[in-house]
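# Model the structure of this input:
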Amino acid sequence: MVILNAQRQIIFSNARLVEMLKLSGCQEILGQRPGEVLDCVHAREAQNGCGTDEHCCECGAIEAIMTASLLDHEEALPCRLIRVGGDTMDLLVRATPIRVGRDTFTILAITDSLGDT
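Below you'll find the predicted structure:
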């Protein structure tokens, strides 16, 4: 689980993701976007990173984030992430917008297709 700002950058991560990525703390991924952290090959292809490549218009994660933000309701969609190196991850991405004052953030919960990530 991560919390994203309006630019889809990670501003918080739970301990489970930090453990999965074998990091010393969430500071190492702050400011990055989900595809960059999960090694999506398309995040590396795009000059401006995750969410900006032509392939991203088909990405379930970006669609869930954008739909949740624009329509102001939770959205859950499947996402097949192709990682650098060629392996894939079949995920369910649940995006929930939250408002804090005038700012809107997105809580992004990611589980694998079996529900155990």
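# Confirm M66 sits in a helix?
Yes. M66 forms part of a helix when assessed by DSSP: H, G, I helix; E, B strand; the rest coil.
# What does the pLDDT read for it?
Note on M66: pLDDT of 94.
# Next up, the contacts around it.
Not one residue lies near M66 by C-beta atoms under 8 Å, 6 or more residues apart in numbering. No exception for glycine: its C-beta is placed from N, CA and C like everyone else's.
# What distance do you get for it to K22?
30 Å (C-beta to C-beta, to the nearest Å).
# Where does pLDDT dip in this protein?
114-117 (pLDDT under 70).
# Where do the strands of it begin and end?
2-4, 10-13, 75-82, 88-100, 103-112 (DSSP state E).
# residue closest to the middle of the chain?
P34 (3.3 Å; C-alpha atoms, centre = their mean).
# was I right about that residue contacting I10?
Yes. Applying C-beta atoms under 8 Å as the test, P34 and I10 come out as touching, 7.1 Å apart.
# what sits in contact with each of these two?
Shared contacts of P34 and I10, counting by C-beta under 8 Å, 6+ apart, come down to V2, L4.
# ok, back up a step: now, of the strands of the chain, which is deepest in the fold?
Scoring those by mean neighbour count under mean count of other C-beta atoms under 10 Å gives strand 2-4 as the most buried, with a mean of 20.
# who does that one touch, helix- and strand-wise?
Where contact means 3 or more C-beta pairs under 8 Å, 6 or more residues apart in numbering; DSSP states H and E, strand 2-4 is packed against strand 10-13, helix 34-37, strand 103-112.
# who wins for proximity to M89 among these?
Checking the helices and strands packed on strand 2-4 against M89 by C-beta to C-beta gives strand 103-112 as the closest, at 6.7 Å.
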